[in-house]
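# Below is the structure, and that's it, no one-letter string:
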């Protein structure tokens with residue numbers, strides 16, 4: 001939605017046309033999707049382009065009909081025996097409408113139930129062409145993608161900004177078949193072997209007796225499991241860091257977790273690990289901010305992704321790979337590449353960029369696309385193969401099995417969002433929800449009745465060839481290799497690679513989570529694990545819990561810190577950031593307008609916050625208000641510009657808005673609260689000289705790091721840009737552990 005006469009795109013418009021005040025009564029065709037939306041490509045269930053527009057599957061026609069196309073004159077009243085009589089069983093419309101409604105819901109995912117998705121395109125640099133014969137990784141090849149981000153633990157109705165691992169799954173619609181890169185925002189996992197997956201999920205999910213707590217790990221069963229099953233300590237350390245509460249899906253790294261195998265045109269193999277690097281950098285929330293958002297806007301990450309795309313600030317990630325020789329032992333620098341609880345520091349194996357992904361369209365329908373998209377690590381293309389990672393091996397079975405249950409049968413690949421954009425001739429037939437109309441009489445091979453079709457393909461025409469791998473003589477047994485036995489060194493490496501500020505956050509996270517556990521023995525057991533990771537970490541957490549710090553029980557090797565693991569210390573592009581502008585009718589509106597224009601020119605979304613809605617300076621030519629003191633909270637903004645020191649608004653009363661219960665003096669207490677929160681969350685604050693009293697009311701001293709003042713809105717924005725590029729003003733507060 002562009003502001004009147006301002007041409008600034010403010011995301012959030014609900015429809016492709018403005019709604020009329022009165023109910024429309026003139027028949028017309030359905031509205032088209034919004035400009036930021038795109039539907040799955042219109043291919044047949046067997047991957048054949050139909051030539052139809054992508055919207056061809058949407059509702060059509062001017063009139064309400066049944067599912068069979070029968071026009072209806074009334075859908076507000078059941079068919080009854082008189083106005084006060086019983087409803088008649090013969091009401092076919094009622095039965096169809098209610099029956100379909102009763103079956104609208106499908107089983108949600110056991111994990112990754114809460115998600116958000118977007119369409120986009122991946123463009124290959126061609127730098128991997130010597131490593132793999134995968135066609136979509138050849139130079140300048142562009143491939144449509146659909147990406148789904150998610151949390152792991154919560155149900156579909158849970159909040160976005162909980163402390164949790166995030167899913168980062170990408171479906172590449174290549175002309176050699178669909179390839180799914182199913183990953184997380186953390187490069188290591190809780191367990192070595194997929195047989196333990198039910199255990200870790202059951203432990204992390206809400207307690208089965210009370211079904212609480214929802215979407216969080218701060219409870220006894222989770223910490224009982226990870227303190228006993230110590231291979232989980234490395235992943236848990238990442239989760240307790242700022243990685244567990246990302247600022248946005250747009251500022252979140254992605255990892256393939258496992259080691260995969262590239263195969264080039266000559267048949268040579270290379271082991272690889274996948275990395276998604278966000279072009280806007282890796283940024284997180286602070287813990288209080290995440291908690292506030294869970295109450296104020298539980299859809300925060302979902303809304304942020306959709307709004308950024310609608311505003312034209314398209315998120316981008318560079319895909320890169322770490323490469324390793326495909327040796328017989330599959331080890332690299334002492335790290336077992338088949339161990340999913342281990343990562344390889346980037347200083348040992350640099351990430352080589354191989355392409356860039358841009359998300360440029362929102363789904364047209366959440367259920368049809370984001371909810372029904374089905375990923376599977378076994379959806380491979382020629383040139384990419386799996387390894388014997390024991391977690392990956394189980395995932396190859398589990399994902400396929402899950403889709404059959406969730407999506408009603410084996411034909412889930414024919415749902416529009418899942419349809420390959422390559423020819424399909426699979427000889428699979430029938431089953432629930434079969435949408436293809438197969439021809440021929442011989443769905444078997446060899447056959448002569450269908451002319452021998454389908455035929456086997458050779459490698460010269462793109463066949464997938466399983467890499468022949470020599471297997472050493474072995475015993476059938478249930479055990480891990482000895483190289484999996486180190487459970488602590490990488491947790492130590494990660495913690496010691498963080499800045500003092502980030503280490504403070506890890507300490508607080510452990511203290512908070514363990515402080516939520518009822519059983520003292522579980523807290524003590526986890527402290528014993530922390531003692532093997534880092535003595536200072538253990539001592540700080542123990543102090544917060546009021547328990548003695550135990551001594552280490554193992555000798556854990558040290559490693560050089562990896563700078564790539566810290567999120568602090570670099571600068572990044574600012575496009576897509578959100579800046580709130582506190583203003584009112586008495587503000588210097590020319591300065592406000594200059595700030596809005598300057599922010600918009602940098603790809604930043606400016607949102608004006610005022611005592612009431614409407615326009616500042618006149619209904620037709622004024623500045624539109626996007627938020628009021630009632631609806632705004634500091635957590636929505638990456639920085640704040642203050643253009644008012646206004647008196648409390650009429651609704652600044654605790655009985656109307658509890659946020660107004662805080663003392664504000666001569667300033668509206670909601671504005672004071674917004675500024676004090678932004679200040680303690682280390683966000684940049686810019687103030688016009690005429691509004692400097694607002695800083696004093698909020699107890700913010702001028703000259704504090706990240707506080708800028710001036711007379712000109714455009715000049716203030718220029719100073720803000722440098723602060724926003726670093727994400728937060730961390731130097732505002734000294735680290736406790738320094």
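Great, that's in hand. The model shown is predicted, which means the values in this text are computed figures rather than measured ones.
# Every contact and neighbour count from this point should use C-alpha atoms.
Noted.
# Give me the neighbour count for residue 731.
By the measure other CA atoms under 10 Å, the count of residues near residue 731 is 12.
# Give the helix, strand or coil label for it.
Each residue gets one of three states, and residue 731 gets helix by DSSP: H, G, I helix; E, B strand; the rest coil.
# Go ahead and confirm it touches residue 705.
Yes. Contact criterion CA atoms under 8 Å: residue 731 and residue 705 qualify, at 6.8 Å.
# what about stretch 419-436, average pLDDT?
Mean pLDDT, stretch 419-436: 93.
# end to end, how far does that stretch reach?
11 Å (CA to CA, to the nearest Å).
# Also stretch 379-387?
14 Å.
# again with stretch 277-297
27 Å.
# What are the contacting residues of that stretch?
By CA atoms under 8 Å, 6 or more residues apart in numbering, the surrounding residues in contact with stretch 277-297 are 159-162, 242-243, 245-248, 250-254, 300, 315-320, 567, 571-575, 633, 635, 681, 727.
# so how far is that stretch off the chain centroid?
11 Å (CA atoms, centre = their mean, to the nearest Å).
# same deal with stretch 169-178?
For stretch 169-178, the distance to the chain centre is 19 Å (CA atoms, centre = their mean).
# Which residues does that stretch contact?
By CA under 8 Å, 6+ apart, stretch 169-178 touches 122, 135-136, 143-149, 179-184, 375, 379-382, 420-423, 462.
# can you pull up the bridge partners for the residue most central in space within the chain?
The chain has residue 149 as the residue nearest its centroid, 3.4 Å off, counting by CA atoms, centre = their mean. Beta-bridge pairing of residue 149 under DSSP bridges involves residue 116, residue 168.
# measure it to residue 184 for me?
According to CA to CA, residue 149 and residue 184 sit 9 Å apart.
# Now do the shared contacts for the two.
166-169.
# Any of the residues you listed buried? List them.
The neighbour-count test (16 or more other CA atoms under 10 Å) marks 166-169 as buried among the shared contacts of residue 149 and residue 184.
# now those residues in TSV, with pLDDT?
Putting these into TSV (pLDDT from 0 to 100) gives the following:
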residue	pLDDT
166	98
167	98
168	98
169	98
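# for those, which one is nearest residue 501?
Proximity of those to residue 501 (CA to CA) peaks at residue 166, which lies at 22.5 Å.
# shouldn't the closest one be in contact with residue 149?
Yes. Residue 166 is within contact range of residue 149, at 6.8 Å (criterion: CA under 8 Å).
# if I look at residue 525, how far off is residue 225?
Taken as CA to CA, the span from residue 525 to residue 225 is 10 Å.
# Same question for residue 487.
14 Å.
# Same check on residue 250?
Taking CA to CA, one finds residue 250 at 32 Å from residue 225.
# Flag every buried residue along stretch 517-534.
Within stretch 517-534, the residues scored as buried using 16+ other CA under 10 Å are 517, 522-534.
# could you pull out the helices for the stretch 401-550 of the chain?
For the stretch 401-550 of the chain, applying DSSP state H, counting those that start in this stretch gives helices covering 489-497, 500-515, 520-533, 535-545.
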